[in-house]
Each structure stands twice: as C-alpha cells, then as structure tokens.
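Asks: Dropping a prediction and its sequence here:
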Amino acid sequence: MKARELMRRDLTSVEPDTLIHEAIYLMEQAGLSTLPVVDEEGKLVGVITEHDLIHAALPEYFEMLHSISFLPNLNQVQKRLREMAFKPVSDYMKEALSVRLDDEDLHIADLLIRKRLKQIPVVDEEGKLVGVIRRIDILSRLVR
Amino acid sequence: MILTVTLNPTLDKFYWVDRLPLSLERAEEEILIRARKSSSSAGGKGINVSVFLACMGVETVAMGFLAGHTGQIILRDLLERGVTANFVWIEGENRTNITVIEKGKEYHPVKIHEEGPRIPTHAQEIFLKKYRRMLKRAEYVVLAGAIPPGISETVYKELAQEAGRAGVKVVVHAGRRPLWEAVKTGPFFVKPDVREELVVGDMPVRTEEEIIAAGKKAVEYGCQACLISHHVTGDILITPEGIWEYEAEVPLTKFKNLVGADDALVGGVLFRLTKGDDLLEAVKFGMAAALASAEVEPKLCLAPAAIEHEMRTVEVRRKEGS
C-alpha cells in the first residue's frame, strides 16, 4: 500500500514564526503531539513535537540524570516554558523526515519504527505537505 | 484543486420520526418523540460541497474553524470521506444543527440551527494566512454558508478579492449581506441562499421577473453566472450571454431529505466544470445532483448512476439571449 492510500489528509500545521504558546495551544485543541512546520508556499521545513518541547523546558542536567524525580516540583519547568512561550517555533523545530505519495508501506513503517516517530509527514513532488501518516494508521490497516 | 471555505462548520444531526407532535394536549404532559432512525455527519455548505467533490474523485481542501469535541467529529468525518482538511482550531465548540424529518412531510423538515463559536481576531489572521497559501494550489474557491459570531459580514468580499488577485475563480454560495458584498467583486458563479428570506441584495426574488432582475444586477457587477431558486424544483440561470430556466417535474412527495441538496448542486456544477463541460451542461448536472440528493435519506446522494438518471428529468429552456 502506498502513502497516498494510508495518509490522513490533515494539513494542520504551524509556520516557523508561529509562537510556541500558539503551537502548544494547537497541539492541545487538535489533539496532536507532533505538528509539521511549513513555509509560506506550504513546503515542509520541519516538525515540532511535544517531546522536544518538554525536553527544551527541562533543566540541562536532565540528560545526565534521565529522570525528573529529583525535582521538588515543576516550578522550574513552568518558568522555562513561560520563557519559551513567546519564542518562535523555528527555535525549537527539528528537521523533518518525510515520505512521498508513492512510497510503500514497508518503507514508511521502517522509518516510523527505526526513528521512533509517532507520525511522519507526506509531501508531494514539490515538497508541499499533503498529509500525515500516524503509527496507528498503519497498525489499523494491518489488523483488518 | 477546489478549495472550500466553511467559516461556521456544523455537525448535522438528523432524526426521522413517525409523528412530530408540537403541541400538548394536557399541560402536565411533556413531548417525547422517539426517533425511528438518526444519523450525523460533518456539515456546513462548503464542507458539503467538499464531501460531494471528494466522493466524485475531485481533489478538494476544506478550510474554516474547528473547535472542541464536535470539531474532532467533523474532522474525522471529513478525513474518512477523502476530503483534505486545513482548519484553524479555536476554543469552544462547533455548532450542531438538528433536522427533524416527519414521515409523510419530508419536504417540510423542522430545523434548529445553533449560532456557532465566536471567532477570535487572532484566529482570523491565522486563517487568512493559510487561505492565501492554499489559493496558490486552487483552481476554484467556494465561499459558502453562514458567518459565525466575531467575523465581519464583508468577509466573503475580502476573501473573493484575495482569490481574484491569485487568479482563482470564485463561487459564492451564501445569503443576505455576505453574499451581496461578495457579488460586487464580480465572482465567477453565485448561488444565493434564499431559504430564510426571499431576497438577493436588497431585491425581492419571489417572482420570475424579480429573480431575473436580481440576477441581471449580479451580472452587471461582473458575475459570470447567477443561479437563483425559483421554486423547489426550478432554478433560473442568469449570465451575460442569456437567461435559462431549469425545471424538473418531480412531485414533492418524492423527496426524503432536502438538507444539502443545494450544496450537491454547487458540487455537481463544479465537478462537471472540472471535467470540461460548459456551464449550461454543468448546471444541468448540478440540478440532477440536487434532485438525487433530495430523494435519498442521507444528506448527499453520492451515486453517479442515480445523478445521471436524474439528468433525464431536468429540462432546460432559454428565456432570453441569442
């Protein structure tokens, strides 16, 4: 099965100059943990994830300790998030892996598993966002 | 690609009942109506046009504002029907529009329409940015339906002007002032919504003469085609080249659900225009799609064979023009 048959034709996305608090609001309202980032032409230029935002808000020594259980409360994280709130998405987005409309399901599943992605954007021949494929989209197809 | 704008999407809920008692015999009674059947689907004029087009295999993107749990249901329904969705999410809850259809009186449904959530200025700015981006991919844009609280009644005029600058053909399927303001920009095709009031602009459209006068006024503004309902099974098309009457001899008792029939008409016209038909033939197909939709219980008839069958019942007569 090809990406065009698997994808959700949902173009919910943000732009690089969208503010972080707006992106978080959109994630909450739309129930998404990953948002594609597109430029003015609608071309995919990155992704911003809930996971990346959480990590950016955590103290730098978190990477060494691998736990936040040592924190007395979430005040420090909240302070950091409030500092991030009015910064643009471009400061925190990362390069997006994507698939093309005619890519096969095996290739897409491989990317999702290997790269530990919750979803992957689908782009057309010009690199414009045309949909997304979530892990659950593949799972639900396979179980039928 | 055909872009549709539905600023005030809805979850359309339909209830079919055997009897619809609307008054009490005794003061202490309450009215309990048991629905024989019910269904719900994503709605709003632009969304209905998109659903129709997607089912006919035409690439279409639906835009507007979604909110809350109802917004999630609308989005899910659209995606399942093959419509590409590009909505702005806002706080609150999308509206639910209820239609109660009584057995034997299908052509007189009872409707309750909610107002819809207020659209914040910031969300409108995000929408405009997305809209300009999507116009670059579009051949036609359909501006359709009610305007939600918080949005100016001149919004369709502004969106039509943006589309004009981008070289995209504009279809306006709305009513009252939002429609007439957009008409002044000279859109490609106009289908006035006259369900609530038989008025187009400030002109009444009760009689054939009044309909033609209103259509001619739209054409004077640069509109290339204006299609106005004359009665349930008859429309009048006014263009710079002439005037045509579309008529179908279908008894009202044949209708099962009139909601969405007008949207099937607009979808049908666009479907055939994208296939290379001329406007007259495309309108005939649109009218057949509207009749086929009215004759089935689901909101839209999506069976090409049934629509083709209805083509035989639609007669076209030239009224004016060479």
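Replies: Here it is on my side, so go on.

Asks: OK, contacts around the closest residue to B:Lys129 other than its chain neighbours?
Replies: With CB to CB, 6 or more residues apart in numbering or on different chains as the measure, A:Glu15 is the residue that lies nearest to B:Lys129, at 7.3 Å, once sequence neighbours are left out. No exception for glycine: its C-beta is placed from N, CA and C like everyone else's. For A:Glu15, the residues meeting the contact criterion (CB atoms under 8 Å, 6 or more residues apart in numbering or on different chains) are A:37-40, A:89, B:129.

Asks: Now render these as a markdown table, adding secondary structure.
Replies: Shown next, in a markdown table, are the contacts of A:Glu15 (DSSP: H, G, I helix; E, B strand; the rest coil):
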| residue | secondary structure |
| --- | --- |
| A:Val37 | strand |
| A:Val38 | strand |
| A:Asp39 | coil |
| A:Glu40 | coil |
| A:Val89 | helix |
| B:Lys129 | helix |
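
Asks: PyMOL command to pick out the buried ones of the residues you listed?
Replies: For selection in PyMOL, the members of those meeting the burial criterion (16 or more other CB atoms under 10 Å in any protein chain shown) are listed in this command:
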select buried, chain A and resi 37+38+89
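
Asks: least trustworthy position among the contacts of A:Glu15, going by pLDDT?
Replies: By predicted confidence, those are weakest at A:Glu40, whose pLDDT stands at 89.

Asks: From B:Arg132, how far out is it?
Replies: 8 Å (CB to CB, to the nearest Å).

Asks: still on that earlier bit, closest to B:Glu209 out of the contacts of A:Glu15?
Replies: Closest to B:Glu209 out of these is B:Lys129 (44.5 Å), distances taken as CB to CB.

Asks: Tell me who's in contact with A:Leu32.
Replies: When contacts are counted by CB under 8 Å, 6+ apart, A:Leu32 touches A:12, A:26.

Asks: Kindly provide the distance from it to B:Glu91.
Replies: Computed as CB to CB, the A:Leu32 to B:Glu91 distance reads 16 Å.

Asks: hang on, B:Ala213 packs against B:Asp202?
Replies: No - at 11.5 Å, B:Ala213 and B:Asp202 do not qualify as touching, with contact defined as CB atoms under 8 Å.

Asks: So for these two, which sits in the more crowded spot?
Replies: Legend: neighbour count by other CB atoms under 10 Å in any protein chain shown for B:Ala213 and B:Asp202, higher for B:Ala213 (15 against 9).

Asks: what's the helix or strand for that one?
Replies: B:Ala213 is located in helix B:208-220, with elements delineated by DSSP states H and E.

Asks: tell me which strands and helices that helix is in contact with?
Replies: Counting by 3 or more CB pairs under 8 Å, 6 or more residues apart in numbering or on different chains; DSSP states H and E, the packing neighbours recorded for helix B:208-220 are strand B:199-200, strand B:203-204, strand B:226-231, strand B:234-239.

Asks: Let me see the mean pLDDT of the second one.
Replies: Read it as strand B:203-204. For strand B:203-204, mean pLDDT is 80.

Asks: Now do the SS call for B:His108.
Replies: With three-state DSSP as the basis, the three-state label of B:His108 is coil.

Asks: Against chain B, how distant is the residue nearest in space to the middle of chain A?
Replies: Nearest to the mean C-alpha position of chain A, by CA atoms, centre = their mean, lies A:Thr34 at 2.6 Å. A:Thr34 sits 15 Å away from chain B, going by CB to the nearest CB, to the nearest Å.

Asks: Select, out of the helices and strands packed on helix B:208-220, the one closest to B:Gly175.
Replies: Set against B:Gly175 and scored by CB to CB, the helices and strands packed on helix B:208-220 come closest in strand B:199-200, at 8.3 Å.

Asks: That closest one: partners in the sheet, and parallel or antiparallel?
Replies: Under the criterion DSSP bridges, strand B:199-200 sits next to strand B:203-204 (antiparallel) in its sheet.

Asks: contacting residues around the partner strand?
Replies: Applying CB under 8 Å, 6+ apart, the set of residues contacting strand B:203-204 from outside is B:198, B:210, B:213-214, B:217.
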